[in-house]
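*Asks:* kindly generate the corresponding structure for this input.
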Amino acid sequence: MFQLVYTSVASPPFSPADVADILKVSREKNLQHGITGVLLYKSGSVIQLLEGEEAPVRQLYANIQRDRRHRDVTLIYTRSVLAREFPEWTMGYNCVEIGWNEQPDGFNPVFHQPGSLSGAGRGAAVLRTFIDTTR
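*Replies:* Numbers count the residues shown, from 1 in each chain. Down below sits the predicted model:
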């Protein structure tokens, strides 16, 4: 099992419709390729943890690097893991932008409920740091 974490800046910042579209398409494609993970979006910043077999995860990351909706795509780390850290999600999501009253399928209230991003692994620690430091 392979895990990859990256950050990027949304260009331009995502609207609620953009996020809903990204999540819908991503959840379908990731399921087909055996990829799970977590996507967090706040104030134009994105962090995503992807996990699955190495080749499909690396291909997805390469696609994201070419995606015009992302700029400043930065690889945080890659590593081999014994098991998925987030096996129950095809994609997790959170947005705390003011005025976003409806959340698409896959919403996880990680910014609102302490402990909702459970996990003792390195990936969960990196995501918690993003939550704590992104304004």
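
*Asks:* what segments of this structure are strands?
*Replies:* 2-10, 36-42, 45-52, 70-80 (DSSP state E).

*Asks:* where among those is the average confidence lowest?
*Replies:* Mean pLDDT is lowest for strand 36-42 among the strands of the chain, at a mean of 83.

*Asks:* for that one, packing partners?
*Replies:* Strand 36-42 sits against helix 16-33, strand 45-52, helix 122-133, with contacts defined as 3 or more CB pairs under 8 Å, 6 or more residues apart in numbering; DSSP states H and E. C-beta here means a position set from N, CA and C on the backbone, and glycine is covered the same way.

*Asks:* residue nearest the centroid of the chain?
*Replies:* Taking CA atoms, centre = their mean, the centroid of the chain lies closest to Leu39, which sits 1.7 Å from it.

*Asks:* quick one on the thing from earlier: tabulate the strands of the chain (TSV), appending distance to Glu28.
*Replies:* Shown next, in TSV, are the strands of the chain (distance: least, CB to CB, whole Å):
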stretch	distance to Glu28
strand 2-10	20
strand 36-42	13
strand 45-52	15
strand 70-80	19
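
*Asks:* do you know which of those lies nearest Val19?
*Replies:* The closest of the strands of the chain to Val19 is strand 36-42. By CB to CB, the value is 6.4 Å.

*Asks:* please save the CA atoms from that closest one in PDB.
*Replies:* What follows is strand 36-42, C-alpha atoms only, in PDB (Å, rounded to 0.1, in the frame of the first residue of the first chain):
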ATOM      1  CA  THR A  36      -9.000   6.300  -0.800                       C
ATOM      2  CA  GLY A  37      -8.100   9.400   1.000                       C
ATOM      3  CA  VAL A  38      -9.000  12.700   2.500                       C
ATOM      4  CA  LEU A  39      -9.300  16.100   0.800                       C
ATOM      5  CA  LEU A  40      -9.400  19.200   3.000                       C
ATOM      6  CA  TYR A  41     -10.100  22.700   1.600                       C
ATOM      7  CA  LYS A  42      -9.900  25.900   3.500                       C
END
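
*Asks:* the chain should start at 54 in everything you say after this.
*Replies:* Shifting the count to begin at 54 puts that one at strand 89-95.

*Asks:* of all the strands of the chain, which one is nearest Val179?
*Replies:* Closest of the strands of the chain to Val179 is strand 55-63, at 5.6 Å (criterion: CB to CB).
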